[in-house]
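Student: Predicted model and sequence follow; I will ask about them next.
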Amino acid sequence: MATKRSQPLQRKPRADAERNRDRILEVAKDAFTEFGAETSLDDIAKRAGVGAGTLYRHFPSREALIEAVYRTEVEKLAAAERSFAETMTPIQALRAWMILFVDYIAAKKIIAPVLNTLLGGASKVFESTHEKIWKAIRSLVKRAIKSGDIRKDLDPLDLLRALIGVSNVASTPDWQQSARRLVDILITGSRPVK
């Protein structure tokens, strides 16, 4: 009697392996943002408190690590929208998310050139994550309009464009602090006219 070969079961990663992966991603984002995309992967492993083998087991190449950092940042934005909406007033949630978006742009500025070298280029990676960002800001703006915190004619895309524009003129080391101040100006300018 012939036996059917079964597929090996996919096991869930061990908790310590998942913690290591998360820690590597966190340290890598900080290192790439501070020192650039060419930061030594061995230094990232050391800072994360893992061996180089552990880093390469999770991320076999620099490009794989950079792409994972980018995707993780987008996931954080999506998750933050939900969390902020549950725990903050509509205007506070929108402001907090916009400040988080400034940090995301900082990481993306470093990561984008490397993503462009990937097969399919950055556009493929960006396309797959664009909808999550758009959905998050659209939901936050809709909620703030409904509460009366911001004007009814505000287009969420306008806020996104303004944030990206502010971030694209990053010529000084303190541009992120300036961008965060500009978030408050954007929020103030979005209030209903009395």
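Tutor: Nice, thanks for sending it over.
Student: E34 versus the residue nearest to I164 when sequence neighbours are not counted, what's the distance?
Tutor: Spatial nearest neighbour of I164, chain neighbours left out: I105 (6.7 Å); criterion: CB to CB, 6 or more residues apart in numbering. (Each C-beta comes from the backbone N, C-alpha and C, glycine too.) Using CB to CB, to the nearest Å, we find I105 at a distance of 15 Å from E34.
Student: Just the element for the residue minimising distance to the centre of the chain, please.
Tutor: Nearest to the mean C-alpha position of the chain, by CA atoms, centre = their mean, lies E73 at 2.2 Å. Assigned by DSSP states H and E, E73 falls within helix 62-87.
Student: re the thing from before, distance of the residue nearest to the centre of the chain relative to S147?
Tutor: In terms of CB to CB, E73 sits 28 Å off from S147.
Student: where does T89 fall, phi/psi-wise?
Tutor: phi -70, psi 160 (degrees, to the nearest 10).
Student: quick one: it and K146 touch, right?
Tutor: No. Using CB atoms under 8 Å, T89 is not in contact with K146, being 11.9 Å away.
Student: neighbour count winner among these two?
Tutor: T89 (14 against 11; other CB atoms under 10 Å).
Student: do you know how far that one is from I150?
Tutor: 12 Å.
Student: Now the common contact residues for the two.
Tutor: Here T89 and I150 have no joint contacts, going by CB atoms under 8 Å, 6 or more residues apart in numbering.
Student: Identify the residues contacting A31.
Tutor: Counted by CB under 8 Å, 6+ apart, A31 has contacts T39, D43, I44, R47.
Student: Type out the ChimeraX command that picks the buried ones from the residues you listed.
Tutor: Listed next is the ChimeraX selection for buried residues among those, using 16 or more other CB atoms under 10 Å:
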select :39,44,47
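Student: From the contacts of A31, pick the one nearest R57.
Tutor: I44 (13.8 Å; CB to CB).
Student: Report the contact partners of the closest one.
Tutor: Applying CB under 8 Å, 6+ apart, the residues near I44 are I24, V27, A28, A31, L55, L65.
Student: for these, which one is nearest I185?
Tutor: A31 (31.1 Å).
Student: so what pLDDT did the residue nearest to S147 when sequence neighbours are not counted get?
Tutor: Leaving aside its sequence neighbours, S147 sits nearest to P90 (CB to CB, 6+ apart; 4.2 Å). Here the pLDDT value assigned to P90 is 96.
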